[in-house]
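>>> Sharing a sequence plus its predicted fold:
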Amino acid sequence: MNDQLNLRLPVVPCRLCRLAAILMLAVLVAGCSGAPESSGAASSAAAAAPAGAELSEPAGLSEPAGSAESASSVESTAPVALAGAAVPADQNAAVPAAPAARAPIYLEEPNGKQLIAAALERARQDHKHVLIEWGGNWCGWCYKLHDVFHNDAMVRPVVHEEFELVLIDQGQNKELMLEYAGAEGVSGFPHLTILDAGGAVLTNQETGSLETGSRHDPQRVTEFLRKWVPPQQDAEQLLSGALAKAGSEQKAVLVRVGSPYCGWCTVLSRFMQQQQSVFASDYVDLKIDTLRMLHGESVAARLQPAGAEGIPWMVILDASGKTLATSIGPEGNIGYPYQPAEIAHFLSMLKSTRSRLTDAQLESIAAELTAWRVSREEK
C-alpha cells in the first residue's frame, strides 16, 4: 500500500500513532549519541544530500583527466534497508517495529516552486520531462519508491535518461501540491506528477496501483513511466535544422556530443545554458545525445574528428557542414574545458570561428570556466 494522508481533515494523533511516535523518538535519541558514521569513501552526492536539493555538480563526477569520460560514469547508490510501511488502518493491530533510521530524502522546506523551476530548466536543456515525487521523510513507501527509482535495473535507466526527478515535501508545500494534482486531489503517498519541459501537467499518478505486496513492482513502474517519456529526437533532423538556421543567421554550429551517463557532458550543458545569450551571437548550439536520439550514433560518427577519445567532444561547423574547429588540442580531446590548457584551446576554437563575439566576452567565458574550477577544488 502507499502511505495515506487525509488532506481535508485536521490530523488528530491517535493512540497508536502516539505510541509509534514514542518508539521512533527512542530510536532517534539512541542514534544521536555520537557523530554520524560515514557511509563510505566517495559515495555519490545524491545519496548524501536530500534528493530534493539541486546538486552543484552531477553525482559520479570524477576528477578531470582531460575532462572527458571514456566510459559511462553512472552514479552508484548502494541499496539500503527499507523504511517501515504505512500505519495499519486497524487501530487495534499490534504496533509495528520502528523503521531503521535513514538519511532524509526530502528537504522539509516550502521550496517546491524553486525546485520545480530548476528541474524545468534542466529538462528544457536535455529534452526531458519532470517527475515530481510528493511525500515526506515520515513516509516509508516514499523511501521504497525512491530506492526503486535509483537502484532497480529496469526502472533506473528510464528515470535517469528521460526525467528530471525532484522530491517535494508535501507537508511544507501542500497548496502547491494540490495545485498540480488538480480536482481529484491526492489520496496517499508517494504521489507522482509528471510535467513537460514547459511546465504543463501531463499526468498525476497514485502509486498504490504500482505496488505488489510489500514493494513497488518494477514492471508496473516502468510501464507507467514509459507512457510519459518525451518524444524521441532525430539527430539528423536536428543537425539539418541547425545548419539551416546557421545559414539564415550568418552563424556557425557548435556541436556537443555526449550521453546522459557522462558527468562532464552535464557540466558542459549547464555551462552552455548559463552562457546561452553570449554564444547565441555567433553560434547555433546543438547537443547530440548518442544514447537517446534516433541516428545519434551515426551522426556522431560522421562528425567525430580524429583523436576524439571520450566524451564530451565538440566540433564547430559552418552552415554547409564543413568543420572549422574541434576540441582536439595538443594533448587530445579537451572534453569540458577545465584545466588552463583546455580553457585556452576552447577559446582558440571560438576566436578562429567568431564574427560577433568580443574580446571582452571571450575573457568573461574564460573567467567563468576558471572560477568554477577554483570553486570546485576549494570544496
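On my side now, so go ahead.
>>> pLDDT (mean, whole number) over the one helix or strand residue 130 maps to?
Assigned by DSSP states H and E, residue 130 falls within strand 129-135. The pLDDT scores in strand 129-135 average 98.
>>> Could you pull out the buried residues of the next helix or strand after it?
Per DSSP H and E, the first helix or strand lying C-terminal to strand 129-135 is helix 140-151. Buried positions in helix 140-151, judged by neighbour count with 16 or more other CB atoms under 10 Å: 140-150. Every C-beta, even on glycine, is put in place using the N, C-alpha and C of the backbone.
>>> what do you get for stretch 176-183?
Neighbour-count burial for stretch 176-183 [16+ other CB under 10 Å]: 176-177, 180-181.
>>> How far off centre is it?
Distance, stretch centre to chain centre, for stretch 176-183: 23 Å (CA atoms, centre = their mean, to the nearest Å).
>>> and the gap between the closest residue to residue 220 other than its chain neighbours and residue 218?
Leaving aside its sequence neighbours, residue 220 sits nearest to residue 210 (CB to CB, 6 or more residues apart in numbering; 4.7 Å). According to CB to CB, to the nearest Å, residue 210 stands 9 Å off from residue 218.
>>> re earlier: the residue nearest to residue 220 reaches residue 217, doesn't it?
Yes: counting by CB atoms under 8 Å, residue 210 touches residue 217, with 6.2 Å between them.
>>> When those two are compared, which one has more neighbours?
Each of residue 210 and residue 217 has its neighbours counted (other CB atoms under 10 Å); residue 210 has more, 23 against 15.
>>> Can you get me a residue count around residue 213?
7.
>>> tell me the SS of residue 320?
coil (DSSP: H, G, I helix; E, B strand; the rest coil).
>>> Can you tell me the closest non-neighbouring residue to it?
Nearest in space to residue 320, with sequence neighbours left out and distances taken as CB to CB, 6+ apart, is residue 243 at 7.4 Å.
>>> and that neighbour, what does it touch?
253, 317, 319-321 (CB atoms under 8 Å, 6 or more residues apart in numbering).
>>> Tell me where the stretch 101-250 of the chain has strands.
129-135, 163-169, 188-189, 191-195, 201-206, 211-212, 215-216 (DSSP state E, counting those that start in this stretch).
>>> Among those strands, which comes closest to residue 269?
With CB to CB as the measure, strand 163-169 is the member of those nearest residue 269 (12.4 Å).
>>> Off-centre distance for the closest one?
What separates the centre of strand 163-169 from the centre of its chain is 9 Å, taken as CA atoms, centre = their mean.
>>> tilt between it and strand 191-195?
140 degrees (axes from the mean of the first three to the mean of the last three CA atoms, to 10 degrees).
>>> Just checking: what are the partner strands of strand 163-169?
When sheet partners are counted by DSSP bridges, strand 163-169 sits next to strand 129-135 (parallel).
>>> Low-confidence ranges, the stretch 1-150 of the chain, go.
By pLDDT under 70, the weakly predicted segments of the stretch 1-150 of the chain are 1-100.
>>> quick revisit: closest one of the buried residues of helix 140-151 to residue 158?
residue 149 (9.1 Å).
>>> Spit out the contact partners of the closest one.
Counting by CB under 8 Å, 6+ apart, residue 149 has contacts 133, 155-156, 159, 165.
>>> What of residue 253?
239, 242-243, 246, 283-284, 286, 316-319.
>>> which SS state does it fall under?
strand.
>>> Name whatever forms a beta bridge with it.
residue 284, residue 317.
>>> need the contact list for the residue nearest to residue 220.
145, 216-217, 220-221, 224.
>>> could you redo those residues as a markdown table and give each row distance to residue 273?
As requested, the contacts of residue 210 are exported to a markdown table (distance: CB to CB, whole Å):
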| residue | distance to residue 273 |
| --- | --- |
| 145 | 29 |
| 216 | 33 |
| 217 | 36 |
| 220 | 34 |
| 221 | 30 |
| 224 | 29 |
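>>> Closest one of those to residue 267?
Closest to residue 267, out of all of these and judged by CB to CB, is residue 145, at 28.5 Å.
>>> these two touch, right, the closest one and residue 189?
No: with contact defined as CB under 8 Å, residue 145 does not reach residue 189; the gap is 9.3 Å.
>>> quick one: common contacting residues for the two?
Joint contacts of residue 145 and residue 189 (CB under 8 Å, 6+ apart) are residue 207.
>>> Would you mark the buried spots in stretch 360-371?
361-362, 365-366, 369.
>>> Quick check: end-to-end length of stretch 352-368?
20 Å (CA to CA, to the nearest Å).
>>> got the contact list for it?
250-252, 271, 274-275, 278, 281-283, 316, 324-325, 343, 346-347, 350-351.
>>> Can you tell me how far the residue most central in space within the chain is from residue 199?
Geometric centre of the chain, nearest residue: residue 164, 4.6 Å, by CA atoms, centre = their mean. Distance, residue 164 to residue 199, by CB to CB: 12 Å.
>>> about what we covered before: now do the strand holding residue 130 against helix 140-151, angle only.
Note on geometry: by the same axes, to 10 degrees, strand 129-135 and helix 140-151 are set 150 degrees apart in direction.
>>> For residue 285, the count of nearby residues, please.
By other CB under 10 Å, the residues close to residue 285 number 16.
>>> need the contact list for residue 374.
So residue 374 contacts nothing (CB under 8 Å, 6+ apart).
>>> name the element it belongs to?
helix 359-378.
>>> any idea how far stretch 120-134 is from the chain center?
On the basis of CA atoms, centre = their mean, stretch 120-134 is displaced by 8 Å from the centre of the chain it belongs to.
>>> same check, this time on stretch 116-123
Relative to its parent chain, stretch 116-123 has a centroid offset of 9 Å by CA atoms, centre = their mean.
>>> Now it: buried residues?
So for stretch 116-123, counting by 16+ other CB under 10 Å, buried means 116, 118-123.
>>> As TSV, these with distance to residue 105 would be great.
TSV is the format used below for these (distance: CB to CB, whole Å):
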residue	distance to residue 105
116	17
118	17
119	16
120	21
121	22
122	19
123	20
